[in-house]
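Colleague: Here is my input; please provide its structure:
(one chain, ligands or ions: 2)
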Amino acid sequence: MSMKQPLRVAVTGAAGNISYAMLFRIASGEMLGKDQPVILQLLEITPALDALKGVVMELEDCAFPLLAGIVQTDDANVAFKDIDYALLVGARPRGPGMERKDLLEANAAIFSAQGKALNDVASRDVKVLVVGNPANTNALIAQRNAPDLDPRNFTAMTRLDHNRAMAQLAGKTDSTVNDVKKMIIWGNHSSTQYPDLTACTVNGKPALDLVDRTWYEGTYIPEVQQRGAAIIKARGASSAASAANAAIAHMRTWALGTDENDWVSMGVYSNGEYGIAEGLIYSFPCTCTNGDWSIVDGVDVSSDFSKEKMAATEQELSEERDAVAHLLP
Ligand SMILES: NC(=O)c1ccc[n+]([C@@H]2O[C@H](COP(=O)([O-])OP(=O)(O)OC[C@H]3O[C@@H](n4cnc5c(N)ncnc54)[C@H](O)[C@@H]3O)[C@@H](O)[C@H]2O)c1
Ligand SMILES: O=C(O)C[C@H](O)C(=O)O
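Modeller: Ligands and ions are numbered 1, 2, ... in the order given. So this is what the prediction gives:
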């Protein structure tokens, strides 16, 4: 038996699709390690508590050795009490023909209430990942409603975009994702995101020497930007298993560190790095050590192409921020 103290992991929207693909993997140790017990603190809206009960019954029936307890509630102050990790998934998904920012009106209020609850009852070191869309701006709302917590504790998920970008590049170059290093997603988890291959290598060779510029600009970037919409069109529902996988990977990397000579993309609080407006939650290349992230310094963003793409996604994030100004104390 492990001697480690259990860590408390809150998951919101715990009866939803992403959570169904995520909770069992967290409970089996895939997120925080095979020697780390966890207590799951699950939040749902009142009408979904019955469905949540079913999920909890299934979690019990797995008899996971690392699952040290389960809380199920419709009260954020109960769900977030003393938590070390928060995966904020609970929010409406978009349907066909919508942009993620069209969800702002429906979802923004959720994150101001949850930011306040995190501020009041979570561990002061809580690591928060916002998955619910529009993820960057929802993370901003939660962060601004939690004035007693370090803004660095709040992150938004662009790891799914990062993984998509790696897989598409590996396919094009007849390699595997293991050969692809130093991918970057800049900016918003939206169709303005900038999947940037400038620093990226495949088997140690510069990615941009291996692919045609026309394919990069005209096919690759738009396909990565539109992958979420393509999945909604094909599946009739937004990505769930791949989103759950990315959320687990984001938290695992944050907690346990990045691989040597590589980095990941994370939506994090900007302190003005790369000229991005301070206070936005913007996706940057990040390394993680000892449970802390830092933005990679010195990536070449000097081309007009990069400058234009990074500014466009920053502009969209500023507009989203301004649209929810009433929720930003
Ligand atoms: N960042 C990303 O890469 C990414 C990827 C995929 C999906 N998403 C987003 O994740 C969100 C969830 O997707 P899903 O497919 O699981 O949706 P879903 O509708 O299957 O599940 C959402 C769940 O959240 C619950 N919920 C709603 N309001 C809540 C609240 N205030 N507190 C707690 N729970 C609440 C609902 O009852 C529901 O069970 C959507 O906003 C979707 O767009 C983000
Ligand atoms: O595209 C969506 O709305 C869901 C999610 O954000 C995704 O990228 O798959």
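Colleague: Tell me which helix or strand the closest residue to ligand 2 within the stretch 201-329 of the chain sits in.
Modeller: Across the stretch 201-329 of the chain, no residue is closer to ligand 2 than residue 228, which sits at 2.2 Å (Cβ to the nearest ligand atom). Any C-beta I mention is one placed from the backbone N, CA and C, and that applies to glycine too. Secondary structure assigned from DSSP states H and E places residue 228 in helix 227-235.
Colleague: which residues are contacting stretch 207-217?
Modeller: Identification of contacts with stretch 207-217 by Cβ atoms under 8 Å, 6 or more residues apart in numbering yields 169, 172, 173, 180, 197, 198, 200, 201, 202, 220, 305.
Colleague: Including neighbour count, pLDDT and distance to ligand 1, could those residues go into TSV?
Modeller: What follows is these, written out as TSV (neighbours: other Cβ atoms under 10 Å; pLDDT from 0 to 100; distance: Cβ to the nearest ligand atom, whole Å):
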residue	neighbour count	pLDDT	distance to ligand 1
169	24	99	18
172	17	98	22
173	16	98	24
180	22	98	19
197	21	98	20
198	16	98	23
200	21	98	20
201	19	98	25
202	24	98	24
220	20	99	18
305	15	98	25
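Colleague: Low-confidence bits of the chain, can you list those?
Modeller: Of all residues in the chain, those with pLDDT under 70 make up the ranges 1-2.
Colleague: Alongside ligand 2, which residues does it contribute?
Modeller: The interface of the chain toward ligand 2, taken as Cβ under 6 Å from any ligand atom, is made up of 93, 94, 100, 133, 160, 228, 229, 231, 232, 238, 239, 243.
Colleague: Let's see that with 5 Å instead.
Modeller: The chain comes close to ligand 2 at residues 94, 228, 238, 239, as judged by Cβ under 5 Å from any ligand atom.
Colleague: could you point out the longest strand in this structure?
Modeller: The residue-count maximum for a strand in the chain (DSSP state E) belongs to strand 281-289.
Colleague: same for that one, what does it pack against?
Modeller: Here strand 281-289 touches helix 135-144, strand 154-156, strand 184-186, helix 241-256, strand 264-269, strand 292-295, helix 304-323, going by 3 or more Cβ pairs under 8 Å, 6 or more residues apart in numbering; DSSP states H and E.
Colleague: List the buried residues of the longest one.
Modeller: What it means is helix 304-323. Applying a neighbour-count criterion of 16 or more other Cβ atoms under 10 Å, one finds 306, 309, 310, 313, 314, 316, 317, 320, 321 buried in helix 304-323.
Colleague: In those, find the pair that's most separated.
Modeller: Using Cβ to Cβ, the buried residues of helix 304-323 span at most 22.3 Å, a distance reached by 306 and 321.
Colleague: Is any residue of the host helix or strand of residue 77 near ligand 1?
Modeller: Using DSSP H and E, residue 77 falls within helix 76-79. No - contact of helix 76-79 with ligand 1 (Cβ under 5 Å from any ligand atom) is absent, the minimum separation being 7.1 Å.
Colleague: After that helix, which helix or strand is next?
Modeller: Read in the C-terminal direction, the helix or strand following helix 76-79 is strand 85-88, with elements assigned using DSSP H and E.
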